[in-house]
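K.L.:
build me a model from this:
(2 chains)
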Amino acid sequence: MSTEMALREGALRCNLLVSSRHFYKFISCIGVRSVSDKVSSKTVTSGDPETAGDHLIYTQEHFALKESLRKIIDQEINPHVDQWEAERKFPAHKIFKILGSAGFLGVSKPVEYGGLGLDFSYSVAVAEELGNIRCGGIPMAIGVQSDMATPALARFGSAELKKEFLLPSIMGDKVACLGVSEVGAGSDVSSIKTKAVREGDEYVINGGKMWTTSGTQADWICLLANTSDGPPHRNKSLFCLPMNLPGVHVARKIDKLGMWSSDTAELFFDDVRVPCKNIIGQEGMGFTYQMLQFQEERLWAVANILTMMDNIIQETIQYTRQRKIFKQSVLYHQSVHFRLAELQTEVELLRSLLYRATALYIKGNDVTRLASMAKLKGGRLAREVGDSCLQFWGGMGFTSDVLVSRFYRDSRLISIGAGADEVMLGIICKYMDTLPKK
Amino acid sequence: MSGRVLVGVKRVIDYAVKIRVKPDNSSVVTDGVKHSMNPFCEIAVEEAVKMKEKKLIKEVVAVSCGPQQAQETIRTALAMGADRGIHVEVTGKDYETLGPLQISKIMAALAKKEEAQLIILGKQAIDDDCNQTGQMTAALLDWPQGTFASEVSLEGDKIKVVREVDGGLETIKINVPAVITADLRLNTPRYATLPNIMKAKKKKIANMKPADLGVDITSRLEVLRVDEPPQRQAGVKEHKHGARNLAEGTL
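P.N.:
Numbering: from 1, shown residues only, chains lettered A, B, ... in the order given. Predicted coordinates:
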């Protein structure tokens, strides 16, 4: 039987499998390995050929983790990204359940609640690998679930609270979101206005939150609210709030420049009553709790964007190699390959900073200064990589058909969210003792 | 039937990689290129682990032949649920000329040594597409074989195998011990979960050389040349007159 006939026979029998995870992988196994010039949708990163033995912070287990996570990304996530970007939402419950069942949402969380109790280097490995998702929105939502809405709960929540909210979040059964920023308060968290007033054995919450990632599909929100009239850094508390409580309103889904597959909500709280036991840890400590995890959040974001930058540079090389201009490849013009070399150099520098900060952090050091520097550089470098690479893609770069335009839009947020560039600069100056004295 | 299953796992260039031929046409570029477990071997491991979960067998042993890096492939099998691994170390020129005949000799020797009741292999590897190792191993052991398996079930002391053949599906019943090769639709391999990846760290991988098993791995084949497939030529537009002839059924 000719190969063609066998393929057709196989394809008929394969009908059911077309939409299953087999399709992309095995269509090439039936003997039709891709030797095409088209840019592959599965970019093989030239990131690091370092073996487990030589790597600064990763062991064989880290690499095994990345390989397994990569399979999930290639089979369950990437084939649908374009569709979810167009729909302006990805199915968080479905994806988090897959990731949770494989253990990727609770890497550093306590074992008693389904986590793995591993150190932060494993979270960094997860963040790096998630950078292979072909958009910024989904990794961002995963990061919120695993490393922004849950760390304070894991560290300071009561056993009852952890059982109700942390365990299902780690297993991927409940989608979490983080309620800190407000319409009137972003970088200056201390000036939030949402209030939680004690009434008997309940708190009554009034106010609103802005920029809530996954806010339209979350089951619960980790909410920061003012619980007293004291000094602004000591009068706030964190709550675990089920999103289906009466008075919780999703005011709107925000239409954004990028991160389209991540639904971002504006929320209102109208006399929402929540039991007192839903407070995380001590009243008045909310601000401190949230701040403790900033170092991890920022390093996580850097790990994520580094892989994306690697991928964009590689795809740009592939594209410009085959694209001809004035009788030769775009890539062979010195301005192009020299610029890509500059960008790759800076990516490697930032990667070294990430690993250095991570290595120090897992030994118990405070890496606020290095983490802030890494976040600052990450946001700015991503803009440079996006801008330069998009230019090299020419007209095609301006279309929605290519990854570089999506990267250009998505990565612009890095300099704004999770600590704006200006805030990072302020922190670094504080450590350099160069700020004006009061 | 309760007992031991050997699963062969091969480290191959990842299916998504664009293959490049070395400038001297001796072989393909493998340095710095992403490798992973052969997809059909993944299916084989999954089937063995499922049998163990159903308590039909007691132990799954993952076997790989090759250089140090073959241990990564064994670890993936361990993370999927295999109990222990055997790494048969083959390096350098020997590794370059390693093929189905030598592998089947090694598998046969291991099957006898480990007193295995079942060998499950992928039907073929995606780098050489040989589709020979399973068949040769069965022949060397004088065991029955169920190749291109899309369904495997135990019925008493026999194994029922549904095979995917050109004409459709063929169902056979074979005695144990036997060799089975996994085809595409046998199962969907599980993701190695992070807890299992961490547990795999503690599982043992035994090291040995082909000589320890009394196997001679000298190759009887010599690769003369490796070339890329010819570039697609531009098509030729059929002359109108010629098209009419085709429609009339004449050349």
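K.L.:
can you show me the strands along the stretch 101-250 of chain B?
P.N.:
Ranges of strands within the stretch 101-250 of chain B are B:118-122, B:145-155, B:158-165, B:168-175, B:178-182, B:205-208, based on DSSP state E, counting those that start in this stretch.
K.L.:
would you mind putting the ones you listed into CSV with distance to chain A alongside?
P.N.:
For glycine as for every other residue, the C-beta is placed from the backbone atoms N, C-alpha and C. As requested, the strands of the stretch 101-250 of chain B are exported to CSV (distance: least, CB to the nearest CB, whole Å):
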stretch, distance to chain A
strand B:118-122, 10
strand B:145-155, 10
strand B:158-165, 8
strand B:168-175, 9
strand B:178-182, 12
strand B:205-208, 11
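K.L.:
right, and those - which one's nearest B:K10?
P.N.:
Of all the strands of the stretch 101-250 of chain B, it is strand B:118-122 that lies closest to B:K10, at 7.2 Å by CB to CB.
K.L.:
pick out the residue of the stretch 251-400 of chain A closest to chain B.
P.N.:
Closest residue of the stretch 251-400 of chain A to chain B, CB to the nearest CB: A:Q318 (9.2 Å).
K.L.:
enumerate the residues of the stretch 101-250 of chain B near chain A.
P.N.:
Applying CB under 8 Å from any CB of the partner chain, we find that the stretch 101-250 of chain B lies next to chain A at B:126, B:129, B:166, B:184-185, B:188, B:191-195, B:197-198, B:200-201, B:228-229.
K.L.:
tally up the residues packed near A:M424, please.
P.N.:
A:M424 has 23 neighbours, counted by other CB atoms under 10 Å in any protein chain shown.
K.L.:
measure it to chain B for me?
P.N.:
Noted for A:M424: a distance of 31 Å to chain B, by CB to the nearest CB, to the nearest Å.
K.L.:
hmm, that residue is touching A:L370, no?
P.N.:
No. In terms of CB atoms under 8 Å, A:M424 does not count as a neighbour of A:L370; the distance is 11.2 Å.
K.L.:
gap between stretch B:223-237 and the chain center?
P.N.:
Relative to the centre of its chain, stretch B:223-237 is centred 28 Å away, using CA atoms, centre = their mean, to the nearest Å.
K.L.:
please apply the same query to stretch A:383-403.
P.N.:
On the basis of CA atoms, centre = their mean, stretch A:383-403 sits 22 Å off its chain's mean C-alpha point.
K.L.:
and B:S153, bridged to which residues?
P.N.:
Here B:S153 sits in beta bridges with B:K160, going by DSSP bridges.
K.L.:
what secondary structure does the residue of the stretch 251-400 of chain A closest to chain B sit in?
P.N.:
A:Q318 carries the three-state label helix when classified by DSSP: H, G, I helix; E, B strand; the rest coil.
K.L.:
count the neighbours of A:A418 for me.
P.N.:
Neighbours around A:A418, by other CB under 10 Å: 20.
K.L.:
cool, the one 3 residues further on as well?
P.N.:
A:D421: 17 surrounding residues under other CB under 10 Å.
K.L.:
nearest residue to it other than its sequence neighbours?
P.N.:
A:S415 (4.7 Å; CB to CB, 6 or more residues apart in numbering or on different chains).
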